[in-house]
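Engineer: the amino acid sequence is not available; the structure is as follows:
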């Protein structure tokens, strides 16, 4: 993958080659030969081993073939690890190969620890073809950490029973060093960090050091010595030391295993030459004798290798642009934050000595969470050495397999004719939500929705997509495990070299191929690569369901129990095969009756259909003595059809019947439940399965059991679905007891809260399944105290939300809390909000033991001060999302307090913004820019766009018409004539229609916009103070005389449009209509602003920002008066005042302290401040009352303040 500059994206390389189908009509690919290590007896090195290789071998000398076993295992015939026990739900495959004298109706039994775990009757085809017989032993029958006795028996029709050698198989499913104590980290802390000499750590490995050899010390494991001995160091453990991906193995000796001393592995020059110069990681993992690998690698030691190869000094380390540091200062990349997009590897280029046409080759050496090493290379051609960095995209598909793992990034500068120059290294932990597996499931292109419609498809093509870490020489093994319609098993392996790109297995099939006989059954497909864990399994139904042959029926063993009881049925067994479209003339229908005991199988009965039987049911009879040979056992019935002119044989589904009296299976007993109506009705309180009690449900079953029985407990919901898969157990009672105990997680109790489920068990005896009587289990609802888990942590102390602060809804881990459960949260107040809708519990939330959802600030701003907010939350424990079955947590309600305010946005306007007005529809703000270049900034609040218009000289104040697109401007101009300009915001034009000149400052319109009041900056004792004009015809209406020399800054009318108030050096009241001055107050300083309270919102008051005296003057204006009622001090240089439209609050800009002060208009006291401004001057409210607009004279911005 390459990029060519900082701005270019990578283009895929052509490494993935297209698949070319074989040229022959059919593939010649055959199943693999048998592998020597899978035999329970040693095989010659030069022998070609196939299922037919032992046809001349006596049964007593016959080895068993276990495809998943490990060998050699000292002292045993083989070994099974955890993967071998888990790879198939059917259990461990034990294959019996063709033997001398193999004959139809031979009865095969497989015994494990003296318990029969499988049986089979040899068919005519198996005897004729020398076919292998695939048997399975359920994994739970194997004893862990011990040798297991495994042996096969054959009873020919003659009755001369024979047996193989008794084989001893070691079973160990424990991983060296035990569980990873810190799953959140990529390394296993129970493996100690490898120890190298301090000199090597400090100065690296040079040629001289490499020649002498470097000791690497591996401390005893696990680090936690209190772990059980099964996790401790054992003889023949393989310690795999990795240095830069080069592996050295050391096998633990008996002496080393018997002690606790450290093990030293020497690394010599030949190995260091393979490692090469550069920065590398030194780490190790452990694989035990049967193949269990430690869960991850040890912590890594970084070291530098500098051999005498002419290497230049190391280049600077690369880094990942999207990475961040964790709490311990380590680099980490959260894959979840990428949202499926690539990450970016950054490499410094400028001033690093690069030339055009150099190539940067990045090596990402990764280790997955499962300890699998993955290495990827990415090339970047240098087309310019002046770019700052090379930006190389790291595809998300390459990142995902490494989640829960870590990477080490190094790179080389490649230049023709020059040795590569290496870089320093960077280690990055990869966190996030991991994918399902390192190896994805294989693909069968001909399958549709989990079904292979045509069992005869030829070839049967399996595609393995190119997988993470794929190397050309990887050994890839494809494993097919099938079950035919009649219940018999199929097993085959195919292998190939990985090569490049996708891997294709084209298996010859057709009517006589290996897949065709599986019609009506199913096939499991997975693959394995080298020593890696198996891939995800693909399960296919083979053939369309309607095309498969139905099972036969009987007249005596009828559903649902299918029991032939000799005490009731005194004669033979009558079998009916229902007519089928394949029953054409000369077709041969063969009935098979295979018993579970020696001499219990009937020879196949063949029926040739003639013209009399076409379209009719067929009748067969099984003799009573054959049935009685299977007494207290079972038998399997199925039939085959050979249709003339059609290749291949059709196989029906099987019918399994029980011979003998029916098992009497009572209801199971749930220990944590209370019987209400014994023995079939019980009630369980969820408290009984929640902490501090164990979070499990204990189920006991009692019956007359046999060790070869398989017992399965089932829990079925009201809808008939099974909600908990409980592992099957053999019919062996608990030590010293008469019952078997099953322990299962409590999850299903949460699923069925307030509802019922059915609990019963099934006994599989010799292939026949018998269900017990059912226990109806009523599950109580959760008590109220367990539903009190919802809170807003920021408001818990007071019960009140500060709407101007960050708030989140937290739900503590509820009962039955699990990863992936879907959660709903809704908020109800002045405005409602769906905060979380079916959001699944994330891995981070699960690990934290709570969900946390931040409430959007935009929502909080819509809440009213003094209001309330109710939080409602629910969770779907059953996964359906159905409202009826959700668990609803207790609602919780908080009060809402909107603090003094919060600046949420800054909008850049003109120079020296001094005043702001807003349109009546709230969409547009008009800002007076009082410094040069003076003018007006027109701000569209929705998107913060600004249009600035210039003014002729210095602009002081403006008035905005409430209905028309007109601005009235008061200021200083160079004009000697008319100086009051009107700006039309629609046509963007100026006019000067009013007959007034001079330097103007105080200006306002009455509330209806019919009168314009404007005055000069200063007046004399005889000159008019304010001029009143009619806005409709521009004529002069009234003159207002102050009667004294004064400076004037601001003028307003009261809300009733009956009075005019003017401030500056004096505060005065005039009757609006007549111009008579009624009151005059000496401010004793220059006041800069004033505002009148709104009607019916608190007392009638006039607030004056007395800037020169650092105070706010409060006047009582009731009854046409102007009486000073209070002076508020403690404020520095107040400039403007705005009253809240509906609340008893007033806001004053305080220029000297860069804040807005808040006044309670009832108590007439300061109650708070809003900070963050830069010399605030002008102030106004938006019509929706949610925001303040404040001009920042020193910052040339308009602040939008949420209140």
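Structural biologist: Arrived safely, thanks for sending. Note that the structure is predicted; figures quoted are calculated from it, not measured. Numbers count the residues shown, from 1 in each chain.
Engineer: okay, now the unreliable bits of this protein?
Structural biologist: Applying pLDDT under 70 to the chain flags the ranges 1-28, 184, 309-311, 436-437, 545-547, 899, 974-976.
Engineer: can you map out the helices along it?
Structural biologist: Along the chain, counting by DSSP state H, helices occupy 82-86, 124-129, 198-203, 207-212, 254-258, 269-275, 396-399, 624-628, 747-751, 843-848, 857-860.
Engineer: can you show me the strands along the stretch 451-600 of the chain?
Structural biologist: With DSSP state E, counting those that start in this stretch as the criterion, the stretch 451-600 of the chain has strands at 451-452, 460-464, 475-483, 489-497, 503-507, 522-529, 538-542, 553-554, 563-564, 573-577, 588-595.
Engineer: now distance to residue 864 too, for these, in CSV please.
Structural biologist: The C-beta positions use only the backbone N, C-alpha and C, and glycine is treated the same way. Listed next are the strands of the stretch 451-600 of the chain as CSV, based on distance: least, CB to CB, whole Å:
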stretch, distance to residue 864
strand 451-452, 60
strand 460-464, 62
strand 475-483, 67
strand 489-497, 71
strand 503-507, 65
strand 522-529, 61
strand 538-542, 58
strand 553-554, 74
strand 563-564, 74
strand 573-577, 79
strand 588-595, 80
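Engineer: nearest to residue 300, out of the ones you listed?
Structural biologist: For the strands of the stretch 451-600 of the chain, the distance to residue 300 is smallest for strand 522-529, at 23.5 Å, taking CB to CB.
Engineer: that closest one pairs with which strands?
Structural biologist: According to DSSP bridges, strand 522-529 forms sheet pairs with strand 475-483 (antiparallel), strand 538-542 (antiparallel).
Engineer: go through the longest one and flag the buried ones.
Structural biologist: By neighbour count with 16 or more other CB atoms under 10 Å, strand 475-483 contains the buried residues 476-483.
Engineer: and for the shortest one?
Structural biologist: Neighbour counts over strand 538-542 (16+ other CB under 10 Å) mark 538, 540-542 as buried.
Engineer: the inter-axis angle of that strand versus strand 460-464?
Structural biologist: Counting by axes from the mean of the first three to the mean of the last three CA atoms, to 10 degrees, strand 538-542 points 170 degrees away from the direction of strand 460-464.
Engineer: name the residues that touch strand 538-542?
Structural biologist: Identification of contacts with strand 538-542 by CB atoms under 8 Å, 6 or more residues apart in numbering yields 441-444, 447, 450-452, 455, 482, 515, 518-526.
Engineer: among the residues you listed, the buried ones, what's the PyMOL command?
Structural biologist: Only the buried entries of these go into this PyMOL selection, using 16+ other CB under 10 Å:
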select buried, resi 441+442+444+447+452+455+482+515+518+519+520+521+522+523+524+525+526
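Engineer: ok, residue 1107 - contacts?
Structural biologist: Counting by CB under 8 Å, 6+ apart, residue 1107 touches 1085-1089, 1133-1135, 1151.
Engineer: show the buried residues in those.
Structural biologist: The neighbour-count test (16+ other CB under 10 Å) marks 1086-1089, 1133-1135, 1151 as buried among the contacts of residue 1107.
Engineer: so residue 1198 makes contact with residue 941?
Structural biologist: No: between residue 1198 and residue 941 there is no contact, the gap being 9.2 Å when judged by CB atoms under 8 Å.
Engineer: got the domain boundaries for the chain?
Structural biologist: 36-171, 175-310, 312-435, 451-546, 549-659, 669-779, 784-897, 902-1202 (automatic domain parsing).
Engineer: which one of the ones you listed lies nearest to residue 30?
Structural biologist: Across the domains of the chain, residue 30 has its closest neighbour in domain 451-546 (7.8 Å, CB to CB).
Engineer: mind checking how far that closest one is from the chain centre?
Structural biologist: The chain centroid and the centroid of domain 451-546 are separated by 30 Å under CA atoms, centre = their mean, to the nearest Å.
Engineer: how close does the spatially most central residue of the chain get to residue 441?
Structural biologist: In the chain, the centroid-proximal residue (CA atoms, centre = their mean) is residue 433; its distance is 4.4 Å. Note on residue 433: its distance to residue 441, by CB to CB, to the nearest Å, is 19 Å.
Engineer: find the nearest non-adjacent residue to the residue of the chain most remote from its centre, please.
Structural biologist: Each residue of the chain has a distance to the centre, and by CA atoms, centre = their mean the biggest one is for residue 1022: 81.2 Å. In space, and not counting its chain neighbours, residue 1022 is closest to residue 1041: 7.9 Å by CB to CB, 6 or more residues apart in numbering.
Engineer: quickly list what that neighbour is bridged to.
Structural biologist: The partner residues for residue 1041, given DSSP bridges, come to residue 1024.
Engineer: what number of residues lie near it?
Structural biologist: Residues near residue 1041, counting by other CB atoms under 10 Å, number 16.
Engineer: is it true that it touches residue 1024?
Structural biologist: Yes: under the criterion of CB under 8 Å, residue 1041 lies in contact with residue 1024, with a separation of 5.8 Å.
Engineer: all strands of the stretch 801-950 of the chain, in order?
Structural biologist: Along the stretch 801-950 of the chain, the stretches classed as strands by DSSP E, counting those that start in this stretch are 808-812, 822-828, 833-840, 850-854, 868-876, 887-888, 892-897, 902-908, 913-918, 924-929, 935-940, 945-950.
Engineer: closest one to residue 497 among those strands?
Structural biologist: That would be strand 833-840 among the strands of the stretch 801-950 of the chain, by CB to CB, at 40.9 Å.
Engineer: angle of that closest one against strand 850-854?
Structural biologist: 140 degrees.
Engineer: what's strand 833-840 packed up against?
Structural biologist: With contacts taken as 3 or more CB pairs under 8 Å, 6 or more residues apart in numbering; DSSP states H and E, strand 833-840 sits against strand 822-828, strand 850-854.
Engineer: buried stuff in the first one?
Structural biologist: This means strand 822-828. 822-827.
Engineer: thinking again about what came up before, export the strands of the stretch 801-950 of the chain as CSV, with columns for distance to residue 789.
Structural biologist: Output for the strands of the stretch 801-950 of the chain, formatted as CSV (distance: least, CB to CB, whole Å):
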stretch, distance to residue 789
strand 808-812, 4
strand 822-828, 11
strand 833-840, 14
strand 850-854, 9
strand 868-876, 8
strand 887-888, 10
strand 892-897, 10
strand 902-908, 30
strand 913-918, 45
strand 924-929, 45
strand 935-940, 45
strand 945-950, 46
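Engineer: looking at those strands, which is nearest to residue 626?
Structural biologist: Counting by CB to CB, residue 626 lies closest to strand 868-876 out of those; the figure is 54.2 Å.
Engineer: many thanks, have a good one.
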